[in-house]
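curious how this folds, go ahead:
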Amino acid sequence: MSPIYDVIVVGGGPAGLTAAIYAGRKLLKTLVLTQDIGGQLLLTAYIENFPGYTGYIGMGLAETMGEQAKRFGADIVIGEVTRIDKADGCGFRVSSSAGDFEGRAVIVTGGSVHRKLGVPGEERLLGRGVSVCATCDGPFAKGRTVALIGGGNAALQGAVFLSKLASKVYVIHRRDQFRGDGVLVDEVGCLKNVEMRLGTTVTEITGEKKVEGLRLKDAKTGEVTDLKVEMVFIEIGRDVKLDYAKHLFTTNSHGQVVTDKEGRTSCEGIFAAGDVTDLPWGQAVIAAGAGATAALSAYEYLQRRKPASCRY
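Numbering: from 1, shown residues only. Here you go, the predicted structure:
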């Protein structure tokens, strides 16, 4: 029979691993259930803005955080969480592809998944010129010709940011008008080094060992053209996947978990942190801080519970 954990952390990105580190330092028996160790860090080629980390490679930071969580006693199990329910007595039952586990508290940090184009070259060149975060990898666009794909606020904000670094920015959107706020559309339209390509779809990202260009198709005429670029930023939104737990707590109109400033959800005993919440910035250091907060809140929650109310 599986042991009953004090805390079960769902997700192994910066928020989840930091939560595990802080829970372990509080001597809480901690389990991390995750599909991988690193989350979105694994999609980031270089990390330059995480305090204290000078290795630059996203995977390296993920490995370092994972080892630190283990050093403080966390068990890490690779598996996909399929359901979280309240357990008899006190606590929660977490079902996953790796088995069922019970915990007195749960910290949900499953994060969000960047939407992808689903075109040839995208997966192969991810981290080799293809990025899913303009604000994360924008500094590597300095002096380069780049393309940004998307039409919402995140894409437009990314275009403004990239315009300050890149020599040329192509903003490519499949529709004939942007979905973002008019103020942002006007701002991007005034940028001299930004060119908009509306009504255009990307059919392929070209290049062997690194990005060399895009193959584009005009939505009206069907004409196919090639565009030479050195980097591609895909900003077409994120999907929050919370089907396994959204019956337990309140979510917002975007499907994100609503938390207070201490990481508490509307369900007592469940906490959340990282991109799965309504935090405004998808940055590793912000997710890590939220993970620490959620773990400390979970510790205080467990300390307040009367020993007699649980039999473990």
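
tell me how this protein divides into domains.
4-113+238-309, 116-234 (automatic domain parsing).

how far does the last one stretch from one end to the other?
In other words, domain 116-234. 7 Å (Cα to Cα, to the nearest Å).

please apply the same query to stretch 251-258.
5 Å.

re earlier: so which of the domains of the chain is the most packed in?
domain 4-113+238-309 (a mean of 20; mean count of other Cβ atoms under 10 Å). (Glycine included, C-beta is placed from N, CA and C.)

any idea how far R264 is from V258?
Counting by Cβ to Cβ, to the nearest Å, the separation of R264 from V258 is 10 Å.

which residue ranges of the chain form helices?
Ranges of helices within the chain are 14-25, 58-71, 134-137, 153-163, 182-189, 284-304, based on DSSP state H.

just want the angle from the longest one to helix 14-25.
This points to helix 284-304. 40 degrees (axes from the mean of the first three to the mean of the last three Cα atoms, to 10 degrees).

so where's the longest strand in the protein?
strand 99-108 (DSSP state E).

elements contacting it?
strand 4-10, helix 14-25, strand 30-34, strand 92-96, strand 270-272, helix 284-304 (3 or more Cβ pairs under 8 Å, 6 or more residues apart in numbering; DSSP states H and E).

what about it, average pLDDT?
Average pLDDT, strand 99-108: 96.

what of stretch 250-258?
On average, stretch 250-258 scores 92.

mind listing residues that contact it?
Stretch 250-258 has contacts (Cβ atoms under 8 Å, 6 or more residues apart in numbering) with 108, 112, 239-240, 242, 246, 249, 265-266, 272, 276-278.

again, only using 7 Å
V108, V240, L242, F249, T265, S266, A272, V276, T277, D278 (Cβ atoms under 7 Å, 6 or more residues apart in numbering).

kindly calculate the angle that the longest strand of the chain makes with strand 30-34.
Comparing the axes of strand 99-108 and strand 30-34 via the same axes, to 10 degrees yields an angle of 100 degrees.

strand 99-108 to strand 4-10, inter-axis angle?
70 degrees.

hmm, back to that, what's the closest of the helices and strands packed on strand 99-108 to V77?
strand 30-34 (5.5 Å; Cβ to Cβ).

mind giving me the packing neighbours of the closest one?
With contacts defined as 3 or more Cβ pairs under 7 Å, 6 or more residues apart in numbering; DSSP states H and E, the packing partners of strand 30-34 are strand 4-10, helix 14-25, strand 75-78, strand 99-108.

please compute how far that strand lies from its chain's middle.
17 Å (Cα atoms, centre = their mean, to the nearest Å).

average pLDDT for that strand, rounded please.
97.

confidence score at S297?
Per-residue pLDDT puts S297 at 98.

find the nearest non-adjacent residue to it, please.
Excluding its sequence neighbours, the residue lying closest to S297 (Cβ to Cβ, 6 or more residues apart in numbering) is E262, at 4.5 Å.

just checking, V224 touches V202?
No: between V224 and V202 there is no contact under Cβ atoms under 7 Å: 11.0 Å.

mutual contacts of the two, please.
Among the neighbours of V224, those also in contact with V202 (Cβ under 7 Å, 6+ apart) are L216.

what's the closest of the helices and strands packed on strand 99-108 to E123?
Using Cβ to Cβ, those put strand 30-34 closest to E123, at 20.8 Å.

strands paired with that closest one, and their directions?
Using DSSP bridges, the strands paired with strand 30-34 are strand 4-10 (parallel), strand 75-78 (parallel).

hmm, who's touching the helix or strand bottoming out on mean pLDDT in the chain?
When each helix and strand of the chain is scored by mean pLDDT, DSSP states H and E, strand 112-114 comes last, with a mean of 74. Defining contact as Cβ under 7 Å, 6+ apart, one finds that strand 112-114 is touched by V132, R238, D239, V240, K241, D275, V276.

ok, back up a step: turn the helices and strands packed on strand 30-34 into JSON lines, including distance to I286.
Output for the helices and strands packed on strand 30-34, formatted as JSON lines (distance: least, Cβ to Cβ, whole Å):
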{"stretch": "strand 4-10", "distance to I286": "17"}
{"stretch": "helix 14-25", "distance to I286": "9"}
{"stretch": "strand 75-78", "distance to I286": "23"}
{"stretch": "strand 99-108", "distance to I286": "16"}
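
who wins for proximity to L61 among those?
Nearest of the helices and strands packed on strand 30-34 to L61, taken as Cβ to Cβ: helix 14-25 at 8.0 Å.

fine, thanks again, bye for now.
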